[in-house]
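Undergrad: model the structure of this input:
(one chain, ligands or ions: 1)
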Amino acid sequence: MTLLEVSGVSVSFDGFQAIDNLSFSIGEPELRAVIGPNGAGKTTFMDIVTGKTRPDSGHVLWGEENRNLVGLSEQAIARLGVGRKFQKPTVFEAQSVRDNLAMALKAPRGPFDVLLRRNIDEGRLHEVAAEIGLEDHLDRPAGALSHGQKQWLEIGMLLAQEPRLLLVDEPAAGMTTAEREHTTDLLNRLAQRHAIVVVEHDMAFVRRLGCKVTVLHEGRVLAEGSLDHVTQNKDVIDVYLGR
Ligand SMILES: Nc1ncnc2c1ncn2[C@@H]1O[C@H](COP(=O)(O)OP(=O)(O)OP(=O)(O)O)[C@@H](O)[C@H]1O
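TA: Below you'll find the model as predicted:
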């Protein structure tokens, strides 16, 4: 099923066309990598889907009812099930892994519930911790985790919100080889149940993801298909790979 359909979307900033009649769709479940040179519009694309930037024209259709997300607030879009992970992890360093996850869990709870350890869905918390491989680190302060573990914790905090679509910005940046492998495994596992869009510059990482790739250039889709397919495309070589 198509979960998200971006259709004929354009946006310009002070006359500069950052996104130009872009169409893109992703199914549920699906894992998709989005690549492209600096300034291709990858971040702007995510800003539009999450409601941070309003496009000048076009539609962003969501879910079974094809609801148009354009014009909805960032909070409303997040509530519908769109989660976004920025490149830099933003976990609460002084809090334990457990408390970071507890704060993120989707439930009617206030901060005092977390402080007093009340009304926490322990089963779900452990499920998320196991999913991201941090079950043995629940009592450590998040600040003591490695860079890769912090990234996984943040992915866990997104999962705790039960999103249907996850937008993940450069997950491999700054990771060790072992952490990258763990991350590809994690994303592949999550993509069995979710729609996941990964923006990434690291081609070796994209190859390991083994998924369909969309190449953006000047705010448009330049090529789409397997990594082998797009990397043999002459236009892709000219604007991105061959430089
Ligand atoms: N708020 C803004 N105001 C003006 N120009 C903007 C704004 N946001 C993005 N742009 C411009 O739009 C173009 C697309 O930017 P965007 O950040 O989406 O590219 P990107 O593909 O994410 O690049 P990178 O790989 O470097 O992160 C760039 O030329 C950028 O300078």
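
Undergrad: enumerate the residues of this structure near the ligand.
TA: Listed as neighbours of the ligand in the chain under the rule CB under 6 Å from any ligand atom: 13, 16, 18, 36, 38, 39, 40, 41, 42, 43, 44. In this view, the C-beta of every residue, glycine as well, is placed from N, C-alpha and C.

Undergrad: any chance of those residues in JSON lines, with pLDDT too?
TA: Listed next are the residues of the chain next to the ligand as JSON lines, based on pLDDT from 0 to 100:
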{"residue": "13", "pLDDT": "97"}
{"residue": "16", "pLDDT": "96"}
{"residue": "18", "pLDDT": "98"}
{"residue": "36", "pLDDT": "94"}
{"residue": "38", "pLDDT": "93"}
{"residue": "39", "pLDDT": "94"}
{"residue": "40", "pLDDT": "96"}
{"residue": "41", "pLDDT": "97"}
{"residue": "42", "pLDDT": "97"}
{"residue": "43", "pLDDT": "96"}
{"residue": "44", "pLDDT": "97"}
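
Undergrad: tell me the one of those residues nearest residue 197?
TA: Among the residues of the chain next to the ligand, residue 42 lies closest to residue 197 (CB to CB), at 9.6 Å.

Undergrad: on that earlier part again, now for the residues of the chain next to the ligand: which two are most distant?
TA: Longest span within the residues of the chain next to the ligand, CB to CB: 13 and 36, 17.5 Å.

Undergrad: compare these two (neighbour count), which wins?
TA: Set residue 13 next to residue 36 and count neighbours by other CB atoms under 10 Å: residue 36 wins out with 25 against 10.

Undergrad: nearest spatial neighbour of residue 229, skipping sequence neighbours?
TA: Closest residue to residue 229 apart from its sequence neighbours, by CB to CB, 6 or more residues apart in numbering: residue 223 at 7.5 Å.

Undergrad: check residue 3 too.
TA: For residue 3, the closest residue by CB to CB, 6+ apart turns out to be residue 28, at 3.8 Å.

Undergrad: near the one you found, how many other residues are there?
TA: 18.

Undergrad: re the thing from before, who touches the host helix or strand of the residue nearest to residue 229?
TA: For residue 223, the host element (DSSP states H and E) is strand 220-225. Strand 220-225 has contacts (CB atoms under 8 Å, 6 or more residues apart in numbering) with 20-24, 36, 41, 212-216, 229-230, 233, 235-236, 239-240.

Undergrad: buried stuff in that strand?
TA: Residues 220, 221, 222, 223, 224 are the ones in strand 220-225 that count as buried (16 or more other CB atoms under 10 Å).

Undergrad: could you check the pLDDT of the closest residue to residue 129 other than its chain neighbours?
TA: Counting by CB to CB, 6+ apart, residue 135 is the residue found nearest to residue 129 once chain neighbours are left out, at 4.4 Å. pLDDT for residue 135: 97.

Undergrad: where in this structure is the helix or strand with the lowest mean pLDDT?
TA: helix 111-115 (a mean of 63; mean pLDDT, DSSP states H and E).

Undergrad: quick check: next helix or strand after that helix?
TA: Next along the chain from helix 111-115, counting by DSSP H and E, comes helix 122-132.

Undergrad: which residues does residue 159 contact?
TA: Counting by CB under 8 Å, 6+ apart, residue 159 makes contact with 83, 128, 131, 132, 190.

Undergrad: over to residue 93?
TA: Neighbours of residue 93 in contact, by CB under 8 Å, 6+ apart: 141, 142, 143.

Undergrad: state whether it is indeed within a helix.
TA: No. Using DSSP: H, G, I helix; E, B strand; the rest coil, the assignment for residue 93 is coil, not a helix.
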